[in-house]
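Colleague: Fold the following for me, if possible:
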Amino acid sequence: MSATAFISTTIPYVNARPHLGHALEYVQADAFARHAMSQKDVFFLSGSDENSLKNVLAAEREGVSTRELVDRNVQYFEKLLEAMSIGVSDFIRTSVSPDHIAGATEIWRRMDARGDIYTKDYEGLYCVGCEQFYSPAELVDGKCPEHFTVPELVSERNHFFRLSRYGDRLLEELESGRLRVYPESRLNEVTSFIRSGLEDISISRSVERARGWGIPVPDSDGQVMYVWIDALTNYVNALGWTRESDEYKRFWVDADKRTHVVGKGVLRFHAVYWPAMLLSAGMPLPTEVMVHGYITTGGQKLSKSLGNAIDPMDLVDRYGQDALRYFLLADFSPFGDGDFSEERLVTRYNTDLANALGNLLSRVTAMTVRYRGGVVPPSGPLGAPEEGLSEQALASTREAEAAMERYDHREALARIWDLVRRANAYVDERAPWHLARAAEQGDAQAAQDLDTVLHHTYRVLQRLGVLLRPFIPQAAERMLRALNENPEVQGADLALDPAGRSIEKAPPLFPKLELA
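Modeller: Residues are numbered from 1 along each chain as shown. The predicted structure is shown next:
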């Protein structure tokens, strides 16, 4: 049986269009999924969280039905996925998916049958932006720490989940490493929260307050499921677990990895509430939770609620998906916050892609056409420069792959760019234009050295095309096609001798950008 992996993004509310923070998570998860695909069959899931009060209130403000609003806004998220080449296996919509509605209902029933659901009157401070209750101690100057708004005091009779039963089990999963949280600082945050004592959580809302929108509590009693409780179940529901589907068995029950890529603001939901729900329902837990930070502007988190959202589609339209994908993965920490700047995006693209990588591809293919009629020559004996280049290629491959296993895309690209810089330095050092001139004057050694240089720089470009596929897939495909390579070439195929392959001078792969 082949190895399998499950990777997911969170599912965003669709009360408005996506912002750049959504694009960051999409690109991160896509890069991790594409990296895993070189070794495993991967199910990569995203979707939309449609059963929230935020969506209802946004529709009311616009004077449209909630159904109309979510159906319209979902399309913006789907278009962003397409525009950024996010290769999801499925996109689940929580208000319309039969598998989701059936799965959320059945998980509720299982938790109830375990004796983990009860009803009581409740009063608490509720932030609609977070769809979350806060204790007074968690507020900052009396305001939500995420949205800086004053929560409303809500009093009603709700269903509760006995989260307090699962503290010891959750600590056991975390401390044993069966459930891993990246980075370690977030793991410490989770374990500290659990050790402080877990309290039971409200998991339903009245139909009246939800405006009739949401998944009904089984055996309806005038309540709908709290949006987070319904939303978290999407990860297994998309695999059709209630139908006992093969996908659920392959990509969840038997998967080597079950990975959630999440923002730091929803860590508690994914590393505490969701695993506890699965323990209650008797289902396998995720194996990894990768936690990223926020994109900020002027030091403030991007947020639709705060009105400082940056439209990623606008950036794609002006600069292209290669520039945006590369910038988000090469410039931003995978785990911490980072401030966005268009000027830095353009500079990073021009420096790394246009000047370093694009120039390398252009001059190697141009020299192969000029000096060898576009045919990759065989290599002569290796000298110290070639051995150094080969060692760098192997080191960059090994170190980039290891970084991706730690979910550190920035480190992976930094190590790949070690090879780009070394290859450019190698070309300058070996000066094939001088070798070509000497060869034309009858120097047989210079002719052989020229063959060696063109052969090994081709092989480096081939390797770079493969290494870059998780990060800038469209550009990597164009690069491999410019080398007359199958864009699906695997790393193992890089050992094959490319001598005799015909190529043409590559068109500009990364045209220079100007700040728009």
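
Colleague: Ends of stretch 489-496, what's the gap?
Modeller: 11 Å (CA to CA, to the nearest Å).

Colleague: Now tell me what touches it from outside.
Modeller: Outside stretch 489-496, the residues that touch it by CB atoms under 8 Å, 6 or more residues apart in numbering are 38, 397, 459, 462-463, 465-466, 480. No exception for glycine: its C-beta is placed from N, CA and C like everyone else's.

Colleague: I'd like to know which elements the longest helix along the chain is packed against.
Modeller: The longest helix of the chain (DSSP state H) is helix 444-467. Other helices and strands packing on helix 444-467, by 3 or more CB pairs under 8 Å, 6 or more residues apart in numbering; DSSP states H and E, are helix 359-372, helix 384-405, helix 409-430, helix 432-440, helix 473-482.

Colleague: Of the contacts of stretch 489-496, just the buried ones, PyMOL syntax please.
Modeller: Here is the PyMOL command that selects the buried residues among the contacts of stretch 489-496 (16 or more other CB atoms under 10 Å):
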select buried, resi 397+459+462+463+465+466+480
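
Colleague: Need the mean per-residue confidence for stretch 260-270.
Modeller: For stretch 260-270, the mean pLDDT works out to 97.

Colleague: okay, how far is it across it, tip to tip?
Modeller: With CA to CA as the measure, the ends of stretch 260-270 fall 8 Å from one another.

Colleague: Flag every buried residue along that stretch.
Modeller: For stretch 260-270, by 16+ other CB under 10 Å, it's 260-270.

Colleague: Flag the shaky bits of this structure, pLDDT-wise.
Modeller: Along the chain, segments meeting pLDDT under 70 span 1, 128-131, 147, 302-306, 492, 495.

Colleague: residue nearest the centroid of it?
Modeller: residue 29 (1.8 Å; CA atoms, centre = their mean).

Colleague: List the contacts of it.
Modeller: Per CB under 8 Å, 6+ apart, neighbours of residue 29: 7-9, 44, 46, 86, 261.

Colleague: One more pass at 7 Å, please.
Modeller: 7, 9, 44, 261 (CB atoms under 7 Å, 6 or more residues apart in numbering).

Colleague: Return the subset of those residues lying in helices.
Modeller: Per DSSP H, the contacts of residue 29 never map to helices.

Colleague: from those residues, which ones fall inside strands?
Modeller: Judged by DSSP state E, strands contain the following of those: 7, 44, 261.

Colleague: The first one: neighbour count?
Modeller: In terms of burial, residue 7 registers 29 neighbours under the definition other CB atoms under 10 Å.

Colleague: try residue 105
Modeller: By other CB under 10 Å, 19 other residues sit near residue 105.

Colleague: Going by distance to residue 163, which of the contacts of stretch 489-496 wins?
Modeller: Checking the contacts of stretch 489-496 against residue 163 by CB to CB gives residue 38 as the nearest, at 38.5 Å.

Colleague: Provide a list of residues in contact with that closest one.
Modeller: By CB under 7 Å, 6+ apart, residue 38 lies in contact with 490-491.

Colleague: show me the contacts for the closest residue in space to residue 287 that isn't next to it in sequence.
Modeller: In this structure, residue 287 finds its nearest non-sequential neighbour in residue 258, 4.9 Å apart by CB to CB, 6 or more residues apart in numbering. The neighbourhood of residue 258, defined by CB under 7 Å, 6+ apart, consists of 6, 252, 286-287.

Colleague: sec struct for residue 258, please.
Modeller: Look at residue 258: counting by DSSP: H, G, I helix; E, B strand; the rest coil, its state is strand.
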